[in-house]
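Chemist: What would the 3D arrangement of this be:
(chains A and B)
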Amino acid sequence: LSGRERGVRLAAGACCWLAMATPAARAQLVDCAAIRYASSYKIVIDDLFFAKPALDADADLKLVMDRLRFTVNNQLTALALQMRDATHQSTPLSLVSCPGRHPLDASEFDRDRAQDLTDSKVVLEVWGTLDGSVRDGKVDAREARVGYAVMPLRFYEFGAVDLPGVYVLRYPRSGGAPAGGFTGLLEQLPELDAYAALGVGLKAAKAKDFDLAVQFLKRAEALLGSVPKGASALDAALQQALAKYVQKKTCETIEAALAYPAYQGGLRLVYATRKPC
Amino acid sequence: MAASSASGAGGARGARGARGGAAGRRVAAAWTAAALAAGLLLPARGAEAGAASPCAQPFVFSGAAVNVVVLPYAEDKVALDLGKAGRQLALLLQLDSLFVLGKYGSLGAVYLTTDPFGKCEEERVEAQLLTGEGGSRIAPGKALVILWGRIYEERGDVYLQSYLRFLRRDRPDRVEVAVARAGGPFVFSGRSPVQQVAFPPRRLGRDDLAAIEAQFKKASLLYREPRAGDADGQLPIEANAPMPYGVEQVRDGWLQVAGPTLGGSRWLKASIDPREWALHQKLPELEFLDAVTGYMRARVAGNADDRLVDHGGLGSWMRWIDEALARYDLAAAGAAAADAPATPCPAALGKVLAGNLRLLAGQPEAAGALYREAARLIPYSADVRNLDILSQLPRVLEGRALEEQLLDALALEPSNVDVLKNLEADYRLKAAAVSASGTGDAADLERQLAAVRKVLAGLEAGPTGAAGHQ
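Modeler: Got it, this is the predicted structure:
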């Protein structure tokens, strides 16, 4: 009976950042056929990418790249493990690796592309960028950036200034330990779980899979709230806007479920005598 | 015994199919011998047994209450030969498991070696050990604990990321509380929120890598006597068939082992002297493994209704589990970077497992305190809230408190079947009470009961809502 007993597993370890990074010159948001194969919700993992051609020879930045790969791959595996227990029977979540694909910035996710990807059930797209300033052949001010596009948010709220749906977090973190450097890259990236949950919740809500939507929106709300201060490089105002948005969407989803005649799930019991918001 | 033989033949068929010819027959024969040996080794002592086995043919001791299977840590960078360190570490962890976890009794500890392609994937191993027709398979109701991970090197430092999964064959990890009332009994149930956990990465220094190699060299030797200078052979860990052995004696960090491929009784240097290398401080997850193994051991030793059976050892097991969890919390706090984000899942799961044992041992208040700590760590979990509710039975049955709390949990996960069934049980119980006393709103309770059953029936039938593509 339980969805968890019959649930399809997220493919743990089946997909990850590969050992090579995309050279800067080839970076682009190339089409990725695998996105359209599975009918499941998906997390798309793009390539790691050097922002400038000269950077790929920098040994320190290569190390940062390896760290980033190790951490993100581990986190994706951990997420897959969580989803073994959390996913709804009809909602497998799969990891899709897209070698050679890398967005340059948020503008690549224009309305059409965001819609196309959301229609393909992409709930989150993740990429990494290694950057630094090059002067006289020397590299300094090294930086790693992890980009997340919460695709349903990007599409459904397209143009909303405080809800861009594309978030780029910079490492070293501004609030991190002074001597830590890139230490944060070897710890967890707490935003990944939160954004994945948010993507699933929003997409499920639109698909009128209300139970799953509420479960994952509530999860996203808790996870976003648990990102420790200073751990996220995300602008505080954006973070606050996102938190408020998740709360609002949760309420709206519950109200939509209750107003939807075909819905006969548990929310009807919970809110038989209670107010959703 | 007969079952072991039969399943051994099944494994032999699989091996022949994969390899063919004389080599395949040799593997098949070795497999059958291993399965037979395993059947003899473990039940005879009811204690612990170890094995090394190829990942492609994962092996467990069917008779063991708990099998701990350690996979080689996969290397994350192809350019460096970290795979060697990953394999060496896995053997050290397996032997450490035999040494440390043997206290729970009826333990199988298995070290898997990588296949020719260097891969050993947990999901495939688990599937084979639960449902495959291999020479050894987890017996119904028995437990499997799998430890695996990734290893990464950076300028001489090594980073380890470990994962742990635990389960019983054909038995979900759940607890039940039966309330005896007129028209009953009314059974309320819950389950652990997760049965696998990812630990944060641990950093080991350059000297740790050297220590792994040095300790591996000691651990992979067979000794005539439990003394460092008395080695006279090599543990055949890279064989292409399972290599099981039983533990006959434990003495000062040494295990006396015997098995068909060891050529008589030998000694293994199983424990690492903390003065040489503080393995457990470096890898706090070993403390968590200790607690999970103890938990599963206690559950397997329970009766047919999954209730704990106090056979004398239970008190010790529970104490060891608590101590291991406390050590984990302490060591994990020490191992984490100061500004690292919290990783609440392992800690929450530890509280839940300890809470489950308290609940099953008839200590609901202690269980409730632990569940509430877990709920603070993972507030989105309906399962944890549900377990907390169970710990309040039957006290919470009066009035609408139980219903309100169950609805709070359901608000977090509206399709949680355990919560829904508990809600149904609550309404049934109250309907029975109204029926017996003749007071109260029977019609209203019947309406509520019908509503819950409708939701449950909908979940049985399939997903709710119109899950289209929008």
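
Chemist: pLDDT below threshold where in the stretch 251-400 of chain B?
Modeler: Of all residues in the stretch 251-400 of chain B, those with pLDDT under 70 make up the ranges B:335-342.

Chemist: That one: helices as residue ranges?
Modeler: B:279-282, B:285-300, B:314-335, B:344-360, B:364-377, B:382-391 (DSSP state H, counting those that start in this stretch).

Chemist: quick one: which of those is nearest residue A:110?
Modeler: With Cβ to Cβ as the criterion, residue A:110 lies closest to helix B:344-360 of the helices of the stretch 251-400 of chain B, at 36.9 Å. Yep, even glycine has a C-beta here, placed from its N, CA and C like the rest.

Chemist: quick one: is that closest one near chain A?
Modeler: Yes - with Cβ under 8 Å from any Cβ of the partner chain as the criterion, chain A is reached by helix B:344-360 at B:344-345.

Chemist: try stretch B:291-303
Modeler: No - judged by Cβ under 8 Å from any Cβ, stretch B:291-303 stays clear of chain A, getting no closer than 14.3 Å.

Chemist: So what's the gap between that stretch and the chain middle?
Modeler: Centroid separation for stretch B:291-303 versus its chain: 9 Å, with Cα atoms, centre = their mean, to the nearest Å.

Chemist: same deal with stretch A:192-202?
Modeler: The chain centroid and the centroid of stretch A:192-202 are separated by 6 Å, computed with Cα atoms, centre = their mean.

Chemist: now could you export just the CA positions of that stretch as PDB?
Modeler: As requested, the backbone C-alpha atoms of stretch A:192-202 are provided in PDB (Å, rounded to 0.1, in the frame of the first residue of the first chain):
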ATOM      1  CA  LEU A 192      20.500  21.700  -3.100                       C
ATOM      2  CA  ASP A 193      18.000  19.600  -1.100                       C
ATOM      3  CA  ALA A 194      15.800  22.600  -0.500                       C
ATOM      4  CA  TYR A 195      15.700  23.600  -4.200                       C
ATOM      5  CA  ALA A 196      15.000  20.100  -5.300                       C
ATOM      6  CA  ALA A 197      12.200  19.800  -2.800                       C
ATOM      7  CA  LEU A 198      10.800  23.100  -3.900                       C
ATOM      8  CA  GLY A 199      10.900  22.100  -7.600                       C
ATOM      9  CA  VAL A 200       9.100  18.900  -7.000                       C
ATOM     10  CA  GLY A 201       6.500  20.600  -4.800                       C
ATOM     11  CA  LEU A 202       5.800  23.300  -7.400                       C
END
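
Chemist: pretty sure residue A:68 is touching residue A:47, no?
Modeler: No - Residue A:68 sits out of contact with residue A:47 when judged by Cβ atoms under 8 Å, with a separation of 11.5 Å.

Chemist: residue ranges for the helices of the stretch 1-150 of chain B, please.
Modeler: Ranges of helices in the stretch 1-150 of chain B, per DSSP H, counting those that start in this stretch, are B:2-19, B:21-45, B:82-101, B:122-131.

Chemist: for the record, mean pLDDT for the third one?
Modeler: In this model, helix B:82-101 carries a mean pLDDT of 80.

Chemist: what's the answer for the longest one, then?
Modeler: Mean per-residue pLDDT for helix B:21-45: 55.

Chemist: any low-confidence regions in chain A?
Modeler: Chain A contains residues with pLDDT under 70 at A:1-28, A:84-92, A:173-188, A:228-234.

Chemist: longest strand of it?
Modeler: If each strand of chain A is counted by residues according to DSSP state E, the longest one is strand A:122-135.

Chemist: next structured bit after that strand?
Modeler: Under the assignment DSSP states H and E, the closest C-terminal helix or strand after strand A:122-135 is strand A:138-149.

Chemist: what's the following helix or strand after that following strand?
Modeler: The element immediately downstream of strand A:138-149 (helix or strand, assigned by DSSP H and E) is helix A:151-156.

Chemist: Past that following helix, which element shows up next along the chain?
Modeler: Next in line after helix A:151-156, if elements are assigned by DSSP H and E, sits strand A:166-171.

Chemist: check contacts around the residue lying closest to residue A:271 once chain neighbours are set aside.
Modeler: The shortest distance from residue A:271 to any residue other than its chain neighbours is 5.9 Å, reached at residue A:258 (Cβ to Cβ, 6 or more residues apart in numbering or on different chains). With contact taken as Cβ atoms under 8 Å, 6 or more residues apart in numbering or on different chains, residue A:258 is in contact with A:267-268, A:271, A:276.

Chemist: Tell me the buried residues in the strand or helix carrying residue A:258?
Modeler: With the criterion set as DSSP H and E, the secondary-structure element containing residue A:258 is helix A:236-259. Along helix A:236-259, these residues count as buried under the neighbour rule (16 or more other Cβ atoms under 10 Å in any protein chain shown): A:239, A:241-243, A:245-246, A:249-250, A:253-254, A:256-258.

Chemist: ditto for stretch A:60-69
Modeler: In stretch A:60-69, residues buried by neighbour count (16+ other Cβ under 10 Å) are A:60-61, A:64-69.

Chemist: does it come close to chain B?
Modeler: Yes - under the criterion of Cβ under 8 Å from any Cβ, chain B is reached by stretch A:60-69 at A:63, A:66-67, A:69.

Chemist: Would you check the distance separating that stretch from the middle of the chain?
Modeler: On the basis of Cα atoms, centre = their mean, the separation between the geometric centre of stretch A:60-69 and that of its chain is 20 Å.

Chemist: next one: stretch B:261-278
Modeler: The answer for stretch B:261-278 is 24 Å, by Cα atoms, centre = their mean.

Chemist: Give me the residues contacting it.
Modeler: Contact partners of stretch B:261-278, identified using Cβ under 8 Å, 6+ apart, comprise B:92, B:95-96, B:98-100, B:208, B:211, B:214-215, B:218-219, B:221-226, B:228, B:230, B:233, B:235-236, B:239, B:243, B:245, B:248, B:250, B:253-258, B:279-281.
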